[in-house]
Every structure is written in structure tokens, then in C-alpha cells.
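Chemist: have a look; sequence and predicted model below, questions after that.
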Amino acid sequence: MLKFILKRLAWMIPSLLAVSFLAFVLIQLPPGDFVTSYVATLAASNEIVDQNTARDLRERFGLDQPMFVQYVKWIWGIVTRGDFGISFEWQQPVSGLIWERMALTLILTVSTLIATWAIALPIGVYSAVRKYSIGDYLFTLLSFLGLAIPSFLLALVLMYVAAVHFGQDVGGLFSEEFQNAPWSWAKTVDLIHHLWIPVIILAVSGTASLIRVMRANMLDEIHKPYVVTARAKGLSEFRLLVKYPVRLALNPFISTIAWLLPNLVSGSIVVAIVLNLPTAAPLLLQSLMAQDMYLAGAFVLLICGLTLVGSLVSDILLALVDPRIRLE
Amino acid sequence: MQEDIMRRPGLVRRSILKGMAGMAALPLAGRAAFAQAGKAEAPELAKLAAEGKLPKLADRLPANPLVVEPFSKVGAYGGSLRRGLRGSSDHNGILRMVGNQGLVRWNLQFTEVRPNVAEKWDVNADATEFTFYLRKGMKWSDGKPFTADDILFSINDCVLNTDLYKSAPSQLSIGGAPAVVTKVDDTTVKFTFKQPYALFLEQLATPLGQHPTLFPKHYGMQFVPKYNPNVADLVKAANVSGWPDLFRAKMGDIEIPSRWGNPDKPTLDPWVVTEPYVGGATRVVMKRNPYFWQVDTAGNQLPYIDQLTFGISQDVESLMLDVVSGKIDIQDRHVNSLPNKPTLAKNREKGGYRLLELEPSGAQQCQIYLNMTHKDPAMRAMFANKEFRKALSLGIDRKEIIELVYLGQSEPYQAGPRPSHPWYHEKLARQNTQLDKAQANAILDKIGYDKKGGDGFRLRPDGQKVFFAIDVIPTLYPDLVDTLELVKRHWAAIGVDVKVNTIERTLYYTRGDANDHDAAVWPGPGGLDPMFDPRDFFAQHPQGSRYAIPWTLWYVSNGKDGQEPPESQKKRMKLFDDARATADLAKRGAIMKQIFDICADEFETIGVCLAVNTFGVVKNNLQNVPPKTPDSWSWPNPGPAMPQQFFFT
């Protein structure tokens, strides 16, 4: 097991390098560069950048150099000094920009994950055990509705209703007074107060598909001979379900942990923008649009890194949960 | 005063005369109030001063503070003003509110340059020497004196330092040479130019002219190797690659976000950043500057409002929601699109706000630029033919476009100063704006596009279809897409086929930079500020004069790059250089008229209709906000309307 983990960890280094290079190339593929997009953004408000300034900017950011040179400089900084470069747009070191955002993203992601599972798993089990009952149909209907409503729309509607009918502000993750405050217990409580709205919005769409997956897996399991045997031996119905079929039916959930993070970062972009959440998604989108390559590249690199770690974790968990899986 | 805003005499006339006379343009009321200056201050500051935590008001104000006449009445202290920013790159949303504290400033009408940081100035007869007199005892927001040395530091050590700025900003140079700045005494500074630069004062009043008052010497010195040999330690500690990066991060520049990212940097603005605009911020907060150097006519120190709060929305719709639900006190940026107007007008009562009227400084809502320097010779010949352009212009049904797209709020227009401007040029503005399909068809037949293909469109003499693509950015100007769709239909009726090429904005720019476009649209500027943005009158703007960008490059590089333009362009370039150097406004107007005459004869751009007035919203309890102002980058509304004298009731 240990050998396996070490081997996997060693493989991550070339993977990350390859991914970082690809990301860098992709970010640069659209026409123009940061300065073009900076000029264009200001022009959108009829504001003018002095021509001399634009030319200087390009030179200063090294945008006149070949892409490969820019990439090597960037990656060399990361490997040797942990320096992710300077965000063109903010004139700030990238590392200072991403960590808090990534932390909030993780909090949101994990909360959403827990909420999604907490709703989907019991319902999935129930729907499987009481197949074609009224409850099964009802949950199926609701879950399909949840799947069908785009989450940004749900967010907009919630915001509109809250703002217009209740005079409440549902955007953001913190109240006004905590937005720039240092972390404290009060701020944490405030975060929890605000967190449930985006969590519900994001969980609604994820729940539906999970219910279906869980239901199908359970249906596969509950008619297998070992279940019949256990029931014949007089095990109570609840203990029987939880102890064997549910555990095995969880297999696909665990093996997809690795994808959850990138999915929730990219899948929540629109919701995060609509709800004004200070997570990684809006900053990533903006940095991509502005072609702020070092910032965007750092995000992509981090997300890829987390995906790799996630897949390692899910492999280890699978081995622990499912006795049928062997690492050899 | 409101009447005055409607009238808009020449941009520059009185300012130059004033400057020549060396007059301080203090209104009489202001002089009378002089004795009382520094009479009152905000309660919180009074408390601090009483406790000895802050010098007394008289010691904080300069000997002769700028006396601002409130728009309608003397206000009261207090309140927090809320405004919205959109995501990142919206730093100019802050600049427009607070950052217009240059040596001089615009008056409300955008017609005249008034004293600001400088209390008065002298200009020599040929407009090559400008002497500015600063206010004695004026202070930065941290209480340190503001003197001539700060201006010298800003210009000589920063702006003209080639490590920081590879080339001097255009506003501070003419004829390829930057200003020479010298200190006369502690409160007197002289700017000398190689060539006459009559527009210098106006340029100083625009946002891009703020460099002289941007960098405090006592704070900025530590980031410049000349004054701090140990700057490398700071660079290392900040984890940046060199001192220029450090300087920019700490000191900012006129229009980059880091200008609002360092709460430690002293400024001359009415409010100072306390919660900075940095990556990942969800709001920006600014608190009053206790050393602000302006008072109202009753002698009360400005600003009236304690604090500004800029919420950062990632999404325009949520900004709209904030406006409608009354959570924004003043806003025009981002929400003032035509489609939003009905929603905002309908919700006035609910949101407790009123609408402001903004007159654009632009001339043209939709200027069509055919690329007369196209890389393909056949296309070039087609676009360069004036008769062809005339036929296209005659083929547009402008009435229909104005009715359908601009809700009837405009009139057919080509180019040139707006009708309210004294330099208004009838022929330039109105020629070929009537719909005349018969004449358009006759012209096209005559110039050799008389054969038609199977699909009914005309053919060029080489057998190709008369067809071209017009680049437009749908996310930026959705109305231009609608306009172009109608134009496409109108032109199809005279046998010309076009493609409305909706593209992303950076692609739009790179296609222009590389001269790869057939044609493009953009709102045409120069309506209220023909001297600042003459890109539609001759090839002048390397990214904006999209009918001939290579000619522009030739002009700005003094003939080194680009393509040599035809004689008529060269003549206008020469004339414009003369106009820029002519202090006498009547003479300057005469020179500009020659440019307009030639431009009207050449008919290079095709316009659709006059740029439409936009609007802003302001809460009912916010007072002293002019109901109508220009809407411009050179007059960065609402800044020149002086938000420091806005107040809440």
C-alpha cells in the first residue's frame, strides 16, 4: 500500500508539469494578450489608455517574449521559490490572491458535498427499497425538477425574492461588517449563516443525479443472494441495508471524489458570480478573460493538483471500503 | 447653473484667456468667504482635534483653501455613500468619484479649466511655459506638507524615469520631447515645452493629466533607488521582481487598480482608501481625508460625506438589483444601458432614487469604418472609392434605425462636434444622411458594380461578390449589433452583402492592430471634445481610426512605421499639430474648420446617428448633484461635479 502511494505521488510531478504547460498554452491561445484586453476593458467605458503606456506595459510584463520563455520563467519561479508570479491586473503576487479564495472554495465545496450526500443517499436508498411507491415517484419528480432548473436561475430568483419582498441581501458569504475583518468566531458564525443559500442552490442540481445513481446501485445489490441470506438469518431490515448493500453501493461515489473539486469550482462559476461569492471561481473566470496568465495559470495548476490528490484519496478509500478491490 | 450645463461653448476658449492673464478663477462669492475659511469641520474630526489627536483645522488647511461653491446649497456633514464596482478592472469607477485632484480641473460645463491644486497660473505668449502657483500650507492626507518638491519628484524622478516609464506619457510631451519641470520656489513650479502646447492646461484637467500631483515625495522616496540605496531589501520583502514593480504596487498609477490598493499612500483626494481595492476584495471603503484642502462658501471643510463604500459585484444584474432596491446612492457605470432604462425608471419610487441626464461627449452612436488600407488590393480599391462610401451612406434608412434601436432618441448624423458645440460643422455632420436608394443604385452602377450574381447581389469587376464583414463586439455594444442587422438589410436592398461579424473584444482589437479587418463599428468620439479625440477627422488614433490604422502609425511614429497616407491626410495631420499649438481659440477654431472642411470632402467614415444621451441614478436624499452633466472620460463624471460637496438630507 505504502509503495503504491509513493509511486502515485511520484507520478504527480510530471503530470503537474504537463498540465501546467498545457494550461499556459491554452490561456495564451485566444488572440491578444493581457494588455489588449486591458485596453479593451477600459475602452468599454470609453476610457483611454495612453499609447505609450500600453507599449510600456507589454514590455514590462514580458509579453513581447516568446511564450515558451514566459512559461519557463514562470515555472522556474514556482519550483525554486514557490513564487507564482505577479498578477498583471492587480500588481500583486499571485500567491497572496489565491489562498483565501481557495480556502473559501474548499469550505463551500465540502459543505455542498455533505449536503448533497445527506439529501441524496437516504432518498436513493428509500427509492430503491420502496421501488414504485408514491414516495419514490414524488422524490423522482422533485429531483428531476431540481436537475432541470439551472442553478444560476434559482440563485437569481432567490436573490430577487429576498431583495424585493424581504429587503434582504443574500449575496456574498459574509455580512458587511465581516467582509474584510480578520477571522474570528463571530466571522465563522456569520459565514455559516450565509453559507446555506449557495450550498442549497448548488446541492439541488447535484442531488438529482446522485439519487438516481444510488437508487440504481441499491437495486443491483438488494436482490443479491447475500442479502437474502442475511435476511433469512434474521438480521433487522435496517441493519441489513446499512451494513452491506449501502456500503457497496457507495463505491461510485467514492471513486468520483477526485472529480468533485474541479466540478464544483467550474460548475459553480455562474452561481458564484450571480451570488457574488468570494470563491475562486469568479477570480478564475476574470483572470482568464483578462488573460492574466500567471493568476489563471496558478488556479488551473492548483485545481489540477487537487484533482490528483483527490484521485489518490479515492483510490485509498475504495481499497478500504470495498474488500473486492486490490491494489496489485 | 442648470441652464449653463445645457449650453456648451468652445472647450478651451476662456481657460486659455484666463491662463494668459494669470487669473485665479475664484468666484466673487468665494473671495468673500475667504475670511471664514476653516470655520467648521466634521464632528468626528472636531472631536479628534479637541482631544489633541489631530492638529486644529486651521493648521490642517492651506492658507487659502479652494473655495467650492456648492451646486445648490451649503450642506451638512455625515453619511456613507454607496456605489457599485464591477469585479476587477473597475478601478476607474473609484477614480471618477474621488481622483480628479489635478493641478487644474474642469468646470461643470466642460468648457473651462479652473484652479484646483494650483491656485493660479501664468502662460507665456507662445504657450511653451506654464507657471503654476500652489497653495501655501497645503498637506497630503497624512499631514505632511505638499510642495513644489512633490511635483518635481512625480515628474522628474518617476514619470521621466525610464525604469518606470519607458516613454513619457503623451499628455506631458509634445513634439517627442517631455516637459522640463523646474522649481521656482516652494510653491511655484514651471513646466517648459520645446514647442507651443496650448492644450496643456486642458490635458492636465483630464484624468490622464494627473501625474504631477500623484506621487508624494516623502512616502515615495523609499521605493526609488536614487533616494533609498537599500530598496532591494524592500523588493525582496515584497516578493516582487524589481523596484519598478514595487513602486507600482505601492504607489499605483493613474488608471491601474493598485492606485487604490495601498491604504498607506498619502493622497490629495477628498476620501482616502481604508479597505483597499485588491484582488479578491468584495468591497472598497474610503474615509474622509482630514487634511482635505477645499472648503465650501460658508467656510466648512469638505467633504460633507464621511465615507464611501464601493460594493464589488461580479455581475451587472446584481448591481441592477441593488439599484432597484435602493442600496446604491449614485451610479451610472454599468447600469446605464438603454435596455435598463425602463426598469430603472419604473422602480424610481420603490428604490427612492431619481434619474440624472448625461450628455455623451461622443458625436456618433455607430460609426462604420471601412478599412481603406485593406491588405487585399481589390477590397482596398472598393473601400477607398469615395463614391462607394457615399452610395452605402445613402442606402441606410437612419429613421428606421433610430425608431427601432434608439427608441426615437436620436437624429441622423455623420461626424464632427455635436450641434450644441460652437465648432459644429453642418456639411460634416449631415451630408449623405438622407435615404436615397435610387441614387445609391445609380452610383454603384456607375462605378463598375453594375453586374449582379445569381443571389441578387452586385459583383465587382473581378467577378467577386460585393461583400465584406463588419466587426462588432456584442458584449460591449449590443445596440450596434441591432443597428448593423438593420444596415445589412438596407444594403441588401441596393445589392451589397455584408456579414455582421460578432467577435470577442480582444479579437476585435488584435484584428484592428494587425489591419486584418474589412470594416468595424465603434461609437464615434469628438462631439464635445474634438481636440482630445479627433480620430474620425483624420487618421490619428492607433487603435481607434479604424479606417486607416497604418496611416495612423505613420503619423504617431513621425513616418517611421505604417504606411504613408495620402496628401489630404498629411495636410490634416499638419493642421492638427498647428491647432494643438495655437493658444488663441478663435485661430484654433479656424484651423479646425479647415480640417473639418477637408474631412467633409473626403467622407471617410459612415455615421448613423447622433450619440444618444444616457442617464444615471441618484438617491432622492443625496443633494447638490447636478441633474445634467457631460458623460466623458476626459470629464470623468461625476468627479468634476465635485462629489465632495454632495450631502445627505
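Modeler: Received, thanks.
Chemist: phi, psi for residue 89 please.
Modeler: By default, I'm working from chain A. Reported as degrees, to the nearest 10, the phi and psi values for A:E89 are phi -70, psi -40.
Chemist: wait, chain B was what I had in mind.
Modeler: Dihedral angles (degrees, to the nearest 10) for B:S89: phi 50, psi 30.
Chemist: neighbours of it, how many?
Modeler: Applying other Cβ atoms under 10 Å in any protein chain shown, we find 24 residues neighbouring B:S89. Bear in mind the C-beta positions are built from the backbone N, C-alpha and C, glycine included.
Chemist: residue contacts, A:L302?
Modeler: Neighbour list for A:L302: A:98, A:102 [criterion: Cβ atoms under 8 Å, 6 or more residues apart in numbering or on different chains].
Chemist: just how off-centre is stretch A:215-223 within its chain?
Modeler: 29 Å (Cα atoms, centre = their mean, to the nearest Å).
Chemist: who's in contact with that stretch?
Modeler: Taking Cβ under 8 Å, 6+ apart as the rule, stretch A:215-223 contacts A:124-125, A:127-129, A:131, A:227, A:241, A:244-246, A:248-249, A:251-252.
Chemist: using CSV, list the CA coordinates for stretch B:532-540.
Modeler: Output of stretch B:532-540 as CSV, limited to C-alpha atoms (Å, rounded to 0.1, in the frame of the first residue of the first chain):
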residue,chain,number,x,y,z
PHE,B,532,-9.0,65.4,-27.5
ASP,B,533,-10.2,62.7,-29.7
PRO,B,534,-10.1,63.7,-33.4
ARG,B,535,-9.8,60.1,-34.6
ASP,B,536,-12.7,60.5,-37.0
PHE,B,537,-11.4,63.6,-38.6
PHE,B,538,-8.1,62.2,-39.7
ALA,B,539,-6.0,59.0,-39.1
GLN,B,540,-4.9,59.9,-35.6
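Chemist: quick one: distance of it to the chain centre.
Modeler: Worked out by Cα atoms, centre = their mean, stretch B:532-540 lies 15 Å from the chain centre.
Chemist: kindly report the same for stretch A:89-97.
Modeler: With Cα atoms, centre = their mean, you get 22 Å for stretch A:89-97.
Chemist: ok, that stretch near chain B or not?
Modeler: Yes - under the criterion of Cβ under 8 Å from any Cβ of the partner chain, chain B is reached by stretch A:89-97 at A:89-93, A:95-97.
Chemist: re earlier: most neighbours out of the contacts of stretch A:215-223, which is it?
Modeler: Neighbour-wise, the contacts of stretch A:215-223 (other Cβ under 10 Å) top out at A:G124, 27 neighbours.
Chemist: if we can go back for a sec, quick check: ChimeraX command selecting the buried ones in the residues of stretch A:89-97 next to chain B.
Modeler: In ChimeraX syntax, the buried subset of the residues of stretch A:89-97 next to chain B is picked out as below (16 or more other Cβ atoms under 10 Å in any protein chain shown):
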select /A:89,90,91,92,93,96,97
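Chemist: pull the most distant pair out of the residues of stretch A:89-97 next to chain B.
Modeler: Farthest-apart pair in these is A:E89 and A:S95; separation 15.1 Å (Cβ to Cβ).
Chemist: and B:V67, that one's in a strand?
Modeler: Yes - assigned with DSSP: H, G, I helix; E, B strand; the rest coil, B:V67 falls within a strand.
Chemist: now do the helices in the stretch 51-200 of chain B.
Modeler: Using DSSP state H, counting those that start in this stretch, the helices of the stretch 51-200 of chain B run over B:57-60, B:91-98, B:148-152, B:200-205.
Chemist: what ranges does the stretch 51-200 of chain A have for its strands?
Modeler: A:86-87, A:92-93 (DSSP state E, counting those that start in this stretch).
Chemist: tabulate these (a markdown table), appending mean pLDDT.
Modeler: As requested, these are arranged in a markdown table below (pLDDT from 0 to 100):
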| stretch | mean pLDDT |
| --- | --- |
| strand A:86-87 | 84 |
| strand A:92-93 | 82 |
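Chemist: in the stretch 351-500 of chain B, which residue sits closest to chain A?
Modeler: Nearest residue of the stretch 351-500 of chain B to chain A, counting by Cβ to the nearest Cβ: B:L476, 5.1 Å away.
Chemist: that residue: neighbouring residues, count only.
Modeler: For B:L476, using other Cβ under 10 Å, the count is 18.
Chemist: didn't it look like it was pressed against B:R505?
Modeler: Yes - using Cβ atoms under 8 Å, B:L476 makes contact with B:R505 at a distance of 5.9 Å.
Chemist: quick check: bridge partners of B:K628?
Modeler: Here B:K628 sits in beta bridges with B:E357, going by DSSP bridges.
Chemist: near chain A, which residues of the stretch 301-450 of chain B?
Modeler: B:312-315, B:317-318, B:321-322, B:324-325, B:327, B:333, B:361-362.
Chemist: wait, which of those residues is closest to B:G512?
Modeler: B:G362 (18.3 Å).
Chemist: spit out the contact partners of the closest residue to B:G616 other than its chain neighbours.
Modeler: Distances taken as Cβ to Cβ, 6 or more residues apart in numbering or on different chains place B:D332 nearest to B:G616, at 3.1 Å, with adjacent residues excluded. Counting by Cβ under 8 Å, 6+ apart, B:D332 makes contact with B:356, B:358, B:614-617, B:631, B:637-638.
Chemist: ok, is the helix or strand encompassing B:K574 in contact with chain A or not?
Modeler: B:K574 belongs to helix B:567-580 when assigned by DSSP states H and E. No - if you take Cβ under 8 Å from any Cβ as the test, helix B:567-580 misses chain A, and the best it gets is 15.6 Å.
Chemist: and that helix, how far from the chain's centre?
Modeler: 23 Å.
Chemist: for the helix or strand just after that helix, list every residue counted as buried.
Modeler: Moving toward the C-terminus from helix B:567-580, the next helix or strand (DSSP H and E) is helix B:585-602. Within helix B:585-602, the residues that qualify as buried are B:585, B:588-589, B:591-592, B:595-596, B:598-600, B:602, counting by 16+ other Cβ under 10 Å.
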